[in-house]
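just to be clear, the model below is a prediction. Sequence and coordinates:
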Amino acid sequence: MQTLSVILPAFNEAENIEAMVADVLRLLTVEGRAGEVLVVDDGSDDGTWEVVCALEGRDARVRPLRHDVNRGYGAALRTGFRAAQGDLVFFTDADRQFDVLELQTLLALTDRFDIVAGFRAPRRDPANRRLNAWAWGQLVNGLFGLSIQDVNCAFKLFDRRVIEDLEIRSDGAFVNTEILVRARAAGHSLAQVPVTHLPRVAGVQTGARPAVVARAFVELVRLYGELQPLSRRRWRGAGRPSLRGLRRAS
């Protein structure tokens, strides 16, 4: 069975991170799969780092990684990607808005697709965030010729070869678009799968902060000239696969 690296970017998630790591370790146990949990603390100042270090002391599968200052979501993912050792690499947020056990559905598709991307169905966020996400999706899908139902959904699974193929440069939220455009240009196949989205019950959302949104637009403009030519390639295997016969976590 292929080994699994789970990357959890975390910024001020002290209230969530212990339970989130426990969820991932439970998944590894249920799957009977060897793996690791890489928690990338992106400059937290609320005690997240201390919690993660304590978790490492209790379970060697937990690997803490740290940025001394907040560098952004994309930078945190790059740090996790560089450190990941598994045959399969998965990332999700540390805020517990996803049921990690649903990763089993994505894992069942890895023999057919290089990337399996979740999309939130439905999305459990305030109306303004849903509207902003829809507008962003329309923009990047139109600019780069994508057909992604939920571009920024933080529930994506990759064959290790995909991560090794890509040179990711984004530091902020644009990283999801950059990954998908570069992966398509490299010829990797993709499937999209609905996943449950849960309301946040602890901590504070940071993805809609003006500075985060502004950085995403700056990165979009900066990389458009490079990425737009890559968007002309059609995506092999893109779309939503039939889930018939696949085991979905309850």
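Received the coordinates, thanks. These numbers come from a predicted model, not from an experiment.

what does the helix or strand of the chain with the lowest mean pLDDT contact?
Lowest on mean pLDDT, DSSP states H and E among the helices and strands of the chain sits helix 210-227, with a mean of 85. With contacts defined as C-beta atoms under 8 Å, 6 or more residues apart in numbering, helix 210-227 is touched by 72-74, 132, 136, 139-140, 143-144, 169-174, 177-178, 181-182, 206. Backbone N, C-alpha and C define where each C-beta goes, glycine included.

narrow those residues to just the buried residues.
Buried members of the contacts of helix 210-227, scored by 16 or more other C-beta atoms under 10 Å, are 72-74, 136, 140, 144, 169-174, 177-178, 181-182.

from these, which two are the most distant?
Using C-beta to C-beta, the buried ones among the contacts of helix 210-227 span at most 20.3 Å, a distance reached by Gly72 and Phe144.

what's the nearest residue to Ser147 if we skip its chain neighbours?
In space, Ser147 comes closest to Ala238 once its chain neighbours are excluded; the distance is 6.1 Å by C-beta to C-beta, 6 or more residues apart in numbering.

around that neighbour, how many other residues sit close by?
A total of 18 residues lie near Ala238 under the criterion other C-beta atoms under 10 Å.

so who does it touch?
Ser147, Arg184, Ser189, Leu190, Ala191, Gln192.

and Met1, by the same measure?
Listed by C-beta under 8 Å, 6+ apart, the contact set of Met1 reads Glu31, Gly32, Arg33, Ala34.

out of the residues you listed, who's the most crowded?
Arg33 (17 neighbours).

ok, that residue touching Val6?
No: Arg33 is beyond contact range of Val6, at 10.5 Å (criterion: C-beta atoms under 8 Å).

let me know the closest of the buried ones among the contacts of helix 210-227 to Val51.
Tyr73 (19.8 Å).

for the closest one, phi and psi?
With angles defined as degrees, to the nearest 10, Tyr73 sits at phi -60, psi -40.

again with His197
Torsion angles, degrees, to the nearest 10, at His197: phi -110, psi 130.
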